[in-house]
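Peer 1: need a structure here:
(2 chains)
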Amino acid sequence: AQRVTQPEKLLSVFKGAPVELKCNYSYSGSPELFWYVQYSRQRLQLLLRHISRESIKGFTADLNKGETSFHLKKPFAQEEDSAMYYCALKGGGGNKLTFGTGTQLKVEL
Amino acid sequence: GAVVSQHPSRVICKSGTSVKIECRSLDFQATTMFWYRQFPKQSLMLMATSNEGSKATYEQGVEKDKFLINHASLTLSTLTVTSAHPEDSSFYICSARDGGPGELFFGEGSRLTVL
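Peer 2: Numbering: from 1, shown residues only, chains lettered A, B, ... in the order given. Model (predicted):
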């Protein structure tokens, strides 16, 4: 069975501080991992995916197969980064996504 | 980008009635749509995979007769909550993929409250 774990329900940082949102996964095959973001009163949207190896809005995430992690990082938090962040894993048949429980990021001034 | 629209965004119904939620892909065709359920402050739980022209594939523990899914066209999937009860109150979200392994786009969600 596949599983995604986000240990922190809430992460509060000051503006300009580094951010790391943790995500660990459990999957027997070769995983494809994503970070989704949900801003207040908006729909869920894709932030980035590991296969793209891209930086979106200053965020990056590296897949570490040894540690089965896909932590989301940003060197300097901005107020507009405050949102709910979900780590997700695509695996198994049907291209299903399994989501973690989410981490609420709050960037304080 | 592609847009997925859900309707209604909010619905309140009496216990025992049935409620239909629509999910439309507005500018692309989706052979597969996904229905999720989200409880307050919890993650999205996949309920079922909706396949155009065929039966939906339900996740373990999801009652097929309770949550009827119909995917009659390439742009529309519907979720009907039959004989709704207060415990069915939740946020229901659909998503669709814009072709193949492409990005998954989400609807804005539908909040169901069963009195």
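Peer 1: Next, the contact list for the nearest residue to residue B:14 once chain neighbours are set aside, please.
Peer 2: Nearest residue to residue B:14 in three dimensions, chain neighbours excluded: residue B:115, at 5.6 Å (C-beta to C-beta, 6 or more residues apart in numbering or on different chains). Every residue, glycine included, has its C-beta placed from N, CA and C. For residue B:115, the contact set (C-beta atoms under 8 Å, 6 or more residues apart in numbering or on different chains) comprises B:12, B:13, B:14, B:15, B:86.
Peer 1: List the residues that contact the residue lying closest to the first one once chain neighbours are set aside.
Peer 2: Distances taken as C-beta to C-beta, 6+ apart place residue B:113 nearest to residue B:12, at 4.6 Å, with adjacent residues excluded. Remark: with contacts taken as C-beta under 8 Å, 6+ apart, residue B:113 is in contact with B:10, B:11, B:12, B:13, B:89.
Peer 1: what's across from the nearest residue to residue B:91 once chain neighbours are set aside in the sheet?
Peer 2: Nearest non-adjacent residue to residue B:91, counting by C-beta to C-beta, 6+ apart: residue B:38, 4.4 Å away. Residue B:38 has the following beta-bridge partners by DSSP bridges: residue B:44, residue B:91.
Peer 1: Could you count how many residues lie near residue B:38?
Peer 2: Residue B:38: 19 surrounding residues under other C-beta atoms under 10 Å in any protein chain shown.
Peer 1: now the one 10 residues further on
Peer 2: Applying other C-beta under 10 Å, we find 22 residues neighbouring residue B:48.
Peer 1: Kindly provide the distance from residue A:19 to chain B.
Peer 2: Taking C-beta to the nearest C-beta, to the nearest Å as the measure, residue A:19 falls 20 Å from chain B.
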